[in-house]
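> Below are the sequence and a predicted model; questions follow.
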Amino acid sequence: NAGVTQTPKFQVLKTGQSMTLQCAQDMNHNSMYWYRQDPGMGLRLIYYSASEGTTDKGEVPNGYNVSRLNKREFSLRLESAAPSQTSVYFCASNLLAGPSYEQYFGPGTRLTVT
Amino acid sequence: GQQLNQSPQSMFIQEGEDVSMNCTSSSIFNTWLWYKQDPGEGPVLLIALYKAGELTSNGRLTAQFGITRKDSFLNISASIPSDVGIYFCAGQENRDDKIIFGKGTRLHILP
C-alpha cells in the first residue's frame, strides 16, 4: 500500500445519500484506477484514468462518477447510494514508463449502504 | 467484454507442497499480472509478464505468459504458511489500458 492513500477507511450511508471517496498517490504515477471487491467476485474495474485529464469506464461504471483532479488525485463519487453498492473499494495507481511494472493499491474503503 | 477465468477457485494443500494455478482469457492480453491479497489489505503485485512465452520468477514464485497470449500460469514451490491468501491474475491490452482481474484462487495451507 506504499504511496496510495484512501479516505475514508469505513463509511455507512443510507440509501439515496451521496458521498465521495478520495484517493491520492505521491509516486508520480500516470494511471489511476477504482475497483470494487465483493465476496467471490474478485476485483471489478469501475473507472480508470490513463493520465491527468482523461477518464474511461471500466466493467461496472453505472451509479458512479469520477474526477481526475490532478496527477495525484482520483476521486470516486456515488450520487445516490444503493444497497448494491455495499462493497470494498480499492484505488490503485500505475507507472506506465520504463521497463518494469510498478503498481500499488490503497488499503481500501469499506462502504455499507443500508 | 473481456473475461478472465481463474482456476482453481480454492486449494487446500500441506505445507511444503508445490502449488499451480492458471488463468485463461477470452481475448488476447499483452501484459499478464499476478497479485496476492492478504485479509483486510489491498492486492500486492507479485509478477508482471510482458512477452508471450516469458517465464519470470520472484523467489519461490514462477509465472508464465502463455504462447497464445490468452493464458498465464503461476507456480509456488515449497509452500509456507505465509503463502496463505488470495491470488489474482489480471490482464492488460496496453500499458495505458484498463486492467481486468480474475476472480481469484484462495490458497489454504493445512497444519
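Nice, thanks for sending it over.

> In the chain, where is pLDDT below threshold?
Chain wasn't specified; assuming chain A. For chain A, residues meeting the criterion pLDDT under 70 lie at A:1-2, A:96-99.

> ah, I was thinking of chain B
Ranges of chain B meeting pLDDT under 70: B:1.

> what's around B:Ala78, how many residues?
A count of nearby residues for B:Ala78, using other CB atoms under 10 Å in any protein chain shown, gives 11. For every residue, glycine as well, the C-beta is placed using N, CA and C.

> Give the other helices and strands that the longest strand seen in chain A contacts.
Longest strand of chain A, by residue count under DSSP state E: strand A:87-95. On a contact count with 3 or more CB pairs under 8 Å, 6 or more residues apart in numbering or on different chains; DSSP states H and E, strand A:87-95 meets strand A:4-7, strand A:19-25, strand A:31-37, strand A:74-78, strand A:102-105, strand A:109-113.

> again, 7 Å this time
For strand A:87-95, the packing partners by 3 or more CB pairs under 7 Å, 6 or more residues apart in numbering or on different chains; DSSP states H and E come out as strand A:4-7, strand A:19-25, strand A:31-37, strand A:102-105, strand A:109-113.

> of all these, which lies closest to B:Arg106?
strand A:31-37 (13.2 Å; CB to CB).

> For the helices and strands packed on strand A:87-95, state which one has the densest average packing.
Using mean count of other CB atoms under 10 Å in any protein chain shown, the stretch among the helices and strands packed on strand A:87-95 with the largest mean neighbour count is strand A:31-37, at a mean of 25.

> Give me the contact status of it with chain B.
Yes. Strand A:31-37 lies within reach of chain B by CB under 7 Å from any CB of the partner chain, at A:31, A:33.

> check contacts around the closest residue in space to B:Glu17 that isn't next to it in sequence.
Nearest residue to B:Glu17 in three dimensions, chain neighbours excluded: B:Ser79, at 5.6 Å (CB to CB, 6 or more residues apart in numbering or on different chains). Residues in contact with B:Ser79 (CB atoms under 7 Å, 6 or more residues apart in numbering or on different chains) are B:13, B:15-17, B:19, B:109.

> circling back to that earlier point, how far off centre is the longest strand of chain A?
5 Å (CA atoms, centre = their mean, to the nearest Å).

> Let's see it as PDB, backbone CA atoms only.
In PDB, the C-alpha atoms belonging to strand A:87-95 read as follows (Å, rounded to 0.1, in the frame of the first residue of the first chain):
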ATOM      1  CA  SER A  87     -18.600  -3.200  -1.100                       C
ATOM      2  CA  VAL A  88     -14.900  -2.700  -0.500                       C
ATOM      3  CA  TYR A  89     -13.500   0.000  -2.800                       C
ATOM      4  CA  PHE A  90      -9.800   0.000  -3.800                       C
ATOM      5  CA  CYS A  91      -7.900   2.600  -5.600                       C
ATOM      6  CA  ALA A  92      -4.700   1.800  -7.500                       C
ATOM      7  CA  SER A  93      -2.000   3.700  -9.300                       C
ATOM      8  CA  ASN A  94       0.400   2.600 -12.000                       C
ATOM      9  CA  LEU A  95       3.600   3.900 -13.600                       C
END
